[in-house]
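**Student:** quick one: sequence plus predicted model below, questions after.
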Amino acid sequence: MAQLRVVVLWHQHQPFYKDLVTGQYRLPWTRLHALKDYYGMVKLLDEFPQVHQTFNLVPCLIQQIQDYVSGEAQDPFLQVAAKPAKDLTLEERRFALQYFFQAHPVNVIGRYPRYRELQEKLRGAGDSPERAEKYFQTQDFTDLQVLSQIGWFDEFFLAEKDIAELIRKGRNYTLEEQRLVILRERELLGRVLPVHAEAAKKGLIEISASPFYHPILPLVCDTQMGAVSSPGLPLPQNRYRHPEDAREQLRRGLELHKKVFGVRPKGVWPSEGSVSPEALAIAYELGVHWMATDEGVLGRSLGTNFSRDGSGRLNSEQAHRLYTIYGYENDETRMNMIFRDHTLSDLIGFVYSGMPPQDAANNLIHKIKESAQPLITKGQDAVVSIILDGENAWEYYPQSGREFLRRFYEALQKDHGIEAVTVSEAIARHKNFAPLKSLIPGSWIDANFNVWIGAPEDNKAWDYLNQARNFYAQTNAGASEKQRALAFEEILIAEGSDWNWWYGPEHHSANDRDFDELYRKHLSNVYQALGGIPPDYLAQPITGAAVRPSFVPQSAYIHPRVSGDMVRYFEWMGAACYTADRRSGSMHGKRFLIDEVFAGIDEQFVYGRLDFAGKIPEDAFELVVNVESWANHAAKPRRELRLDVVVSEGHMQSWKVTEGSDKAMADSRDASDLARVALMRNFEFRLPLTWLLAAPLEIDKVRGTKSSDLLTVRLRVRFSLWQNRLPVDALPVEGWIELELLTEEDLVAVSG
């Protein structure tokens, strides 16, 4: 009988936060995610021995965990959390207030009443650490220090007796209890790597690797690959071509895995699913048996588009193409390849967190079976690959998503029609491999490399890296072995993908400045290690130093949850984006209150988001969003809506939606939930397309109709901020953000 096999690969990764010269860790996320996610994700499988999975551990993540376990790693967040509250300096008190609330406001902070109470105290001071500091007493800081750590503990760790007692206590923690939490962190971190080794030894999991510092291998091999995957893409001034570095990154990664886990990995999830023929050739030479990437790369390589119907299903032909294992052959290179189902993976990442765990698990099992049915019906084995980030998604689930995973794994184990296997197990049991003779370079994001190259900030970062690499090549022969090793290590670190993830227009976070400074510090260390003087330009920020593209059109449907918490940036990928250009204009002194705005549609709604330039203004203001629907060739809008939002002391007081000048559509007292408006760290909204007399249309219908002037084919959106009845800032400054009202398939085709 035909067999349905499900491959689940969890990718565990954090950037390399350590400054090799000072030994200091700039950011705490490796420690916090290692406490919260990595142990329990594996330990949970003890309850489901028939459910086998693949865990991809990035080598630089392993190295950082080892640093924390040994006691060598120190980060300022840990230092402030460990210091007696009575001894905190003014700067440290403000540091704690600024950074110890960087967690999900509901699932992490909201889980602990005292933690939430402290956050409300900060909000009462306008989220200003400077203003709030005087209202926080010594006991407040001790409680914050303890809860900001416990909030990141794994569900298994929270159940342990001493930690559970601290949770029951809830507040008024002592210095001894604070010290207990810090001591326990190191002990708990020490369990992370052994639990992986133990599960692998039992056969419950397979451990795969990535290149050491998580570089985009195709771009390290040759930055020209950026234009191969996206013809016409602006490239850095200097071509970066160092396949020898790419080889070293992958070789080191494989060797570290063998050293830590006792087994050399058979497979590799290349950083961000980034592949190219040259990268695959290097992996093959190093003995890698399998690699994985996204369905988009397969689609481009086969000259097809994996488009789905309204239920998310592929047609029979496309299902046969995706749900199998490929044997890639090109010259001397041979590689087994699997391709992730983008839709199923994203359901876990972005959708199921908003559903009851059992309902979500049932839905996923149903969709897996439904996806593979065309192959099973014809008597062919199906391999459905679900690959996604194994850490960040769980902040959006209650209790780190454990109940959802339990229900999902329980269903997998009980269903005799599904076999949950590792990648290597799937390869060993597969019979009919599909041939793949050529491969278009690309990543898991839009099957190209545009997130990491092409934008002015991205290209500047590559040029700075190129200059440092050239300096190393010219001077390393005269340096000592220790100097040479340190300089080259810094180059490998700077080749990592994470720096350019935050450069350019696509992604922003509260830690943009930290990433920028750390990247430039790594490059500066190259020069200093070799006795040179870093160039002056490395003292200047890359972020904001170059003009960012002012407008990026919508490239895919979006389905964001309207929460205003600014941490769900993945949900806005594909939205139209308009960025404030603070360097334009002949007059200096303009107030910039709005940094960036986003807009996009799906089948039912139009969504909008506004990111402030810094913190939410303290003085009262109003936000106004104008949304218009337009038909082809029409002289005036078909429908005009205006969303007015009143904000005082950083909190939304009320909102209303009106048609035209005064017809009320909805307001903040409306309980229908059709319209949603939220203000927290940023501002977000959604409105039904029906209110705009609008609906997505197919391109052929728009072109073919004789009454196209009556059809709504685009929306226009504009944001403005008013104070004292005066418009003080707006985006776009002139004109509108325009959205094409197309089906998702047509929208992707047009943008691609």
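**Tutor:** Noted; the coordinates are in hand.
**Student:** any low-confidence regions in the protein?
**Tutor:** Across the chain, residues meeting the criterion (pLDDT under 70) sit at 310, 544-550, 566-569, 581-591, 633, 661, 699-712, 724-727, 734, 751-752.
**Student:** mind splitting it into its structural domains?
**Tutor:** Under the assignment named as automatic domain parsing, the residue ranges that make up the domains of the chain are 71-189, 456-539, 551-751.
**Student:** what about Ile594, how many neighbours?
**Tutor:** Other residues near Ile594 number 23, with proximity taken as other CB atoms under 10 Å. For the C-beta atoms, the positions are set from N, CA and C on the backbone; glycine is no exception.
**Student:** repeat for Asp162
**Tutor:** By other CB under 10 Å, the residues close to Asp162 number 10.
**Student:** what's the separation between it and Trp29?
**Tutor:** When distance is defined by CB to CB, to the nearest Å, Asp162 is 25 Å away from Trp29.
**Student:** strands of the stretch 301-450 of the chain, start to end?
**Tutor:** Chain-ordered strands for the stretch 301-450 of the chain, with DSSP state E, counting those that start in this stretch as the definition, fall at 326-330, 333-340, 382-389, 418-421, 434-436.
**Student:** I'd like the ones you listed laid out as TSV, including mean neighbour count.
**Tutor:** What follows is these, written out as TSV (neighbours: other CB atoms under 10 Å):
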stretch	mean neighbour count
strand 326-330	17
strand 333-340	22
strand 382-389	23
strand 418-421	22
strand 434-436	14
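**Student:** out of those, which gets nearest to Tyr68?
**Tutor:** Tyr68 sits nearest to strand 382-389 of all the strands of the stretch 301-450 of the chain, at 20.7 Å, using CB to CB.
**Student:** list the contacts of that closest one.
**Tutor:** Contact partners of strand 382-389, identified using CB atoms under 8 Å, 6 or more residues apart in numbering, comprise 2-11, 13, 269, 273, 292, 294, 319, 323-325, 338-341, 344-346, 348-349, 368, 371-372, 375-376, 426, 430, 444.
**Student:** from those, which land in helices?
**Tutor:** Cross-referencing the contacts of strand 382-389 against helices under DSSP state H gives 319, 344-346, 368, 371-372, 375-376, 426.
**Student:** so which of those comes closest to Met665?
**Tutor:** Using CB to CB, the ones in helices among the contacts of strand 382-389 come closest to Met665 at Asp346, 31.5 Å.
**Student:** nearest to Val58, of the domains of the chain?
**Tutor:** Ranking the domains of the chain by their distance to Val58 (criterion: CB to CB) puts domain 456-539 first, at 9.5 Å.
**Student:** next up, the contacts around the nearest residue to Gln53 once chain neighbours are set aside.
**Tutor:** In this structure, Gln53 finds its nearest non-sequential neighbour in Val8, 4.7 Å apart by CB to CB, 6 or more residues apart in numbering. Shown here is Val8, whose contacts under the criterion CB under 8 Å, 6+ apart are 53-54, 386-387, 420.
**Student:** and those residues as JSON lines, adding distance to Asp667?
**Tutor:** Supplementary listing: the contacts of Val8 in JSON lines, determined by distance: CB to CB, whole Å:
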{"residue": "Gln53", "distance to Asp667": "48"}
{"residue": "Thr54", "distance to Asp667": "50"}
{"residue": "Ile386", "distance to Asp667": "42"}
{"residue": "Ile387", "distance to Asp667": "43"}
{"residue": "Ala420", "distance to Asp667": "49"}
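**Student:** now the two most distant members of those residues.
**Tutor:** Across these, no pair lies farther apart than Ile387 and Ala420, at 13.9 Å, counting by CB to CB.
**Student:** wait, Val192 sits on Tyr38?
**Tutor:** Yes: Val192 sits in contact with Tyr38 when judged by CB atoms under 8 Å, with a separation of 4.8 Å.
**Student:** mutual contacts of the two, please.
**Tutor:** Contact with both Val192 and Tyr38 is made by residues Ile65, according to CB under 8 Å, 6+ apart.
**Student:** which stretches of the stretch 51-200 of the chain form strands?
**Tutor:** Remark: strands assigned in the stretch 51-200 of the chain by DSSP E, counting those that start in this stretch are 53-57.
**Student:** centre-most residue in this structure?
**Tutor:** For the chain, Phe570 is the residue whose C-alpha lies nearest the centre (CA atoms, centre = their mean; 5.3 Å).
**Student:** wasn't it part of a helix?
**Tutor:** Yes: judged by DSSP: H, G, I helix; E, B strand; the rest coil, Phe570 forms part of a helix.
**Student:** three-state assignment of Leu739?
**Tutor:** strand.
**Student:** for it, which non-adjacent residue is closest in space?
**Tutor:** Using CB to CB, 6+ apart and skipping the chain neighbours, the partner closest in space to Leu739 is Leu715 (4.4 Å).
**Student:** you'd agree that neighbour is in a helix?
**Tutor:** No: counting by three-state DSSP, Leu715 falls outside a helix, being strand.
**Student:** give me the beta-bridge partners of it?
**Tutor:** On the basis of DSSP bridges, Leu715 is bridged to Ser629, Leu739.
**Student:** gap between the residue nearest to the centre of the chain and Asp346?
**Tutor:** Applying CB to CB, the value for Phe570 to Asp346 is 9 Å.
**Student:** ok so, going back, I figured the residue nearest to Leu739 hits Ala631, correct?
**Tutor:** No: between Leu715 and Ala631 there is no contact under CB under 8 Å: 11.3 Å.
**Student:** between those two, which has more neighbouring residues?
**Tutor:** Neighbour tally, Leu715 and Ala631, criterion other CB under 10 Å: the higher count belongs to Leu715, 29 against 19.
**Student:** now do the helices in the stretch 601-750 of the chain.
**Tutor:** All helices of the stretch 601-750 of the chain, identified by DSSP state H, counting those that start in this stretch, fall at 699-704, 744-751.
**Student:** against which helices or strands is the longest one packed?
**Tutor:** With contacts taken as 3 or more CB pairs under 8 Å, 6 or more residues apart in numbering; DSSP states H and E, helix 744-751 sits against helix 699-704.
**Student:** all strands of the stretch 451-600 of the chain, in order?
**Tutor:** Using DSSP E, counting those that start in this stretch, strands in the stretch 451-600 of the chain cover 551-552, 576-579, 594-601.
**Student:** redo those as a markdown table? Include distance to Val625.
**Tutor:** Output for the strands of the stretch 451-600 of the chain, formatted as a markdown table (distance: least, CB to CB, whole Å):
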| stretch | distance to Val625 |
| --- | --- |
| strand 551-552 | 17 |
| strand 576-579 | 13 |
| strand 594-601 | 9 |
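**Student:** which of those strands sits closest to Ile542?
**Tutor:** Nearest to Ile542, of all those, is strand 576-579, at 15.3 Å by CB to CB.
**Student:** show residues contacting that closest one.
**Tutor:** Here strand 576-579 makes contact (CB under 8 Å, 6+ apart) with 505-506, 548-554, 595-600, 731-732, 737-739.
**Student:** can I get the buried part of those as one ChimeraX selection?
**Tutor:** Here is the ChimeraX command that picks out the buried ones among those, judged by 16 or more other CB atoms under 10 Å:
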select :505,506,548,552,553,554,595,596,597,598,599,600,731,732,737,738,739
